[in-house]
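S.K.: Sequence first, then the predicted structure:
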Amino acid sequence: MTINHEERRKTSRHSLSALAVLKTPQGPEVCTAQVVDLSLGGSRVTANRPLYPDQEFVLVIKAGGEEIVVRGVVAHALPDGVAGLSFTRMSEEARTRLERLLTQPPGPSNGPEGSAVG
């Protein structure tokens, strides 16, 4: 599924604390990141290394007991690793998992204690 620019603008962000891995579209891991907020159209993360605008990625989020995999591009980034990510593609399964994560009440399974990247 392709997510268009207008759909991204219509999705609201939700505060969330979850661990994630950013990979290149070809597969190798680029870095780990802490998800700060999340929506159906994108996310803000704090990565353990700088990211660069227009850099393509595959984001693997582990939260709520599920793994969510989406493709996207870095929309903007700061030198300290804080970056805004725009999602460009996700499977129907990933979208369903993301919607479920965004609608569940906050709890330990959504925080860093309940999330692990491995």
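M.R.: Yes, it's here. No experiment lies behind these values; they were computed from the predicted model shown.
S.K.: so where's the chain uncertain?
M.R.: 1-14, 105-118 (pLDDT under 70).
S.K.: One more pass at 90, please.
M.R.: Along the chain, the parts satisfying pLDDT under 90 run over 1-18, 24-30, 63-66, 100-118.
S.K.: Would you state the helices of the protein in chain order?
M.R.: 5-10, 92-103 (DSSP state H).
S.K.: mind listing what's buried in the last one?
M.R.: The neighbour-count criterion (16 or more other C-beta atoms under 10 Å) identifies Ala94, Arg95, Arg97, Leu98, Leu101, Leu102 as the buried residues of helix 92-103. From N, CA and C alone the C-beta is placed, and that goes for glycine too.
S.K.: what's that helix packed up against?
M.R.: strand 29-38, strand 66-77 (3 or more C-beta pairs under 8 Å, 6 or more residues apart in numbering; DSSP states H and E).
S.K.: so which of those gets nearest Gln55?
M.R.: In terms of C-beta to C-beta, the element of these nearest to Gln55 is strand 66-77, at 4.4 Å.
S.K.: The closest one vs helix 92-103, what angle?
M.R.: Orientation note: strand 66-77 sits at an angle of 80 degrees relative to helix 92-103 (axes from the mean of the first three to the mean of the last three C-alpha atoms, to 10 degrees).
S.K.: So what pairs up with Val35 in the strands?
M.R.: Ala18, Val45 (DSSP bridges).
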